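Chemist: Take a look and give me a structure for this.
(one chain, ligands or ions: 2)
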Amino acid sequence: MTRQRLYSGMQPSADSLHAGNYIGALLQWRDMQSTYDAFFSVVDLHAITVPQNPAELREKTRRTAAQYIAAGIEPSKSTLYVQSHVRAHAELAWILSTITGFGEAGRMTQFKDKSSRYGQDSTSVGLFTYPVLMAADILLYQSELVPVGDDQKQHVELTRDLAERFNTRFGTTFTVPEPVIQKDTARIYDLQNPASKMSKSAESEAGVLWLLDDPAKSAKKIMRAVTDTEGSVRFDRGAKPGVSNLMTIYSALAGRDLASIEDEYAGRGYGDFKKDLAELVVAEFGPVRERANALLDDPAELDRLLAVNAAKADAVADATLADVYDRIGLLRRA
Ligand code: AMP
Ligand code: TRP
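Modeler: Ligands and ions are numbered 1, 2, ... in the order given. Below you'll find the model as predicted:
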C-alpha cells in the first residue's frame, strides 16, 4: 500500500526554535514520518515577506534544517529540503495567484494582523500573496495531509479552494489536501505569561525555552516559571494556566498522561515538580542541541543532505508543474 503524502514547513525566522515549535511541530512530524510519505521544508521564500537580513537568513535557514534533523526528522526517510532550492514553488505560486481573488486573499487574518503590525508602507505584495505560495508548497506534492497550528488553518482552507477551482476549470490536476490541526495538548504557552503562546517574538526572554539554549539557562527558566498560589500540581487551563502549561510540557517530553503526573505530585509542592521538569527538559533538549551543533559544524555535509533532498522534491514538483503548464495552455518550449 502506498503511504499518504504529508507536507509541512516552518519559516527560518529565528536562530533557535523554541519548545512550542519542538513539541507542537517537530515531535509530531517525527512521529508521522514513518506512517506517511512526508515532505518537510524550510520555507525561506516565506521568510522574505517581512524585512530581513540576507546573511542572517542564510544562517537561520541552515539552523532550522539542522534542528529538524537533530529533533529526529531523518533526511533519508523524509524529504527535508529548503523551499527556494526547488524552483517550482515560485512558479506555481505565480500561476495560482492568477486564480486567487483579491478579496479572497484580503480575508486572510494573518495578513491583516501582520500588515497592521508593519504598517502600510512596509507591507509588501509578497506578504499579501504569502498564502498563495503556501498553497503552491502543498499542491506541488499532491499532499493529502497538512499538519499545522490552528493559525494556519485558514491558509489550508484557501489551498483547498484553489485546488478545487483549478481542478474544475482545467481538469483534475491537484489532490485536495486536508489540514491536520495541532492538538490542544501540543500547544505551549509562555512561561512568564501563560495567556500567550510561546513565541519567538515574546516580550521577555524569560518566557521562552529555546531548543539551542544552554541547558542550565533553560532549567533556570523552568524554576522561575509563573505558577499560582494554590500549590497543587493539577491541570486546569482556565484557573491554573502556568502550572497547566508546565504539565503539558512534562507530559509531551515524558510521554505520560496528565493524570499520572497529577498522581505523582499529589501532596507535593511546585518545587519538586519544577525540578523534575527542568531535568526532563535538559535531558531532552541537551542532546538535540548537541546534534544540531554537530550538523552546523559541518555545513558542507548539511548542504549536501539538503541538496539530495531538494533533488527528490524537484522530481515530484516538476511533474506537477509541467502538468499545470499544459492544462492552462502555456505553449511548450520545443
Ligand atoms: P512559527 O514559529 O509560528 O513559525 O510556527 C512554526 C510551527 O511551530 C507551526 O507548526 C506552529 O504551529 C508551531 N508552533 C509555534 N508556536 C507554538 C507554540 N507556542 N505551541 C505549539 N506549537 C507552536
Ligand atoms: N505558513 C506556515 C507557518 O507560518 C509555514 C508554511 C509554509 C507551511 N508553507 C507551508 C506549513 C506548507 C504547512 C504547509 O507556520
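
Chemist: Run through who's touching the helix or strand of the chain with the lowest mean pLDDT.
Modeler: None of the helices or strands of the chain scores lower by mean pLDDT, DSSP states H and E than helix 109-118, at a mean of 92. Outside helix 109-118, the residues that touch it by CB atoms under 8 Å, 6 or more residues apart in numbering are 50-51, 105, 123, 127-128, 130-131, 151-152, 154-155. C-beta coordinates here come from the backbone N, C-alpha and C atoms, glycine included.

Chemist: now with 10 Å?
Modeler: With contact meaning CB atoms under 10 Å, 6 or more residues apart in numbering, helix 109-118 is reached by 49-51, 105-106, 108, 122-124, 127-131, 151-152, 154-155, 201.

Chemist: now swap in stretch 250-267 and tell me
Modeler: Outside stretch 250-267, the residues that reach it (CB under 10 Å, 6+ apart) are 19, 22-24, 27-28, 185-186, 188, 222, 231-235, 243-244, 246-248, 272-274, 276-277, 280-281, 283-285.

Chemist: Just those: which are in helices?
Modeler: 19, 27-28, 222, 243-244, 246-248, 272-274, 276-277, 280-281, 283-285 (DSSP state H).

Chemist: Please report the confidence value the model assigns to the residue in the stretch 151-300 of the chain positioned nearest to ligand 2.
Modeler: Residue nearest to ligand 2 within the stretch 151-300 of the chain (CB to the nearest ligand atom): residue 152, separated by 5.1 Å. pLDDT for residue 152: 96.

Chemist: ok, it - contacts?
Modeler: Applying CB under 10 Å, 6+ apart to residue 152 gives the contacts 8-9, 110, 131, 134, 146, 159, 179, 181-182.

Chemist: Of the residues you listed, grab the buried ones for ChimeraX.
Modeler: Per 16 or more other CB atoms under 10 Å, the buried members of the contacts of residue 152 correspond to this ChimeraX selection:
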select :8,9,131,134,146,159,179,181,182
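
Chemist: Which of the contacts of residue 152 fall within strands?
Modeler: Mapping the contacts of residue 152 onto strands (DSSP state E) picks out 8-9, 146, 179, 181.

Chemist: Pull stretch 59-77 out as PDB, backbone CA atoms only.
Modeler: What follows is stretch 59-77, C-alpha atoms only, in PDB (Å, rounded to 0.1, in the frame of the first residue of the first chain):
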ATOM      1  CA  GLU A  59      22.300  31.200   8.800                       C
ATOM      2  CA  LYS A  60      18.800  30.700  10.100                       C
ATOM      3  CA  THR A  61      17.900  28.500   7.100                       C
ATOM      4  CA  ARG A  62      20.800  26.100   7.900                       C
ATOM      5  CA  ARG A  63      20.000  26.300  11.600                       C
ATOM      6  CA  THR A  64      16.300  25.500  11.100                       C
ATOM      7  CA  ALA A  65      17.200  22.500   8.900                       C
ATOM      8  CA  ALA A  66      19.800  21.300  11.400                       C
ATOM      9  CA  GLN A  67      17.200  21.400  14.200                       C
ATOM     10  CA  TYR A  68      14.700  19.400  12.100                       C
ATOM     11  CA  ILE A  69      17.300  16.700  11.800                       C
ATOM     12  CA  ALA A  70      18.500  17.000  15.400                       C
ATOM     13  CA  ALA A  71      14.900  16.500  16.500                       C
ATOM     14  CA  GLY A  72      14.700  13.200  14.700                       C
ATOM     15  CA  ILE A  73      13.400  14.000  11.200                       C
ATOM     16  CA  GLU A  74      15.500  11.700   9.100                       C
ATOM     17  CA  PRO A  75      16.700  13.100   5.800                       C
ATOM     18  CA  SER A  76      16.800   9.500   4.400                       C
ATOM     19  CA  LYS A  77      13.200   8.800   5.400                       C
END
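
Chemist: What residues sit buried inside that stretch?
Modeler: Buried residues in stretch 59-77 (16+ other CB under 10 Å): 60-73, 75.

Chemist: How about stretch 170-185 and ligand 1, touching?
Modeler: Yes. Stretch 170-185 is in contact with ligand 1 by CB under 6 Å from any ligand atom, via residue 182.

Chemist: average pLDDT across that stretch?
Modeler: pLDDT averaged over stretch 170-185 gives 94.

Chemist: And the strands in the protein, which stretches?
Modeler: For the chain, the strands defined by DSSP E occupy 5-10, 37-42, 79-82, 145-148, 178-181.
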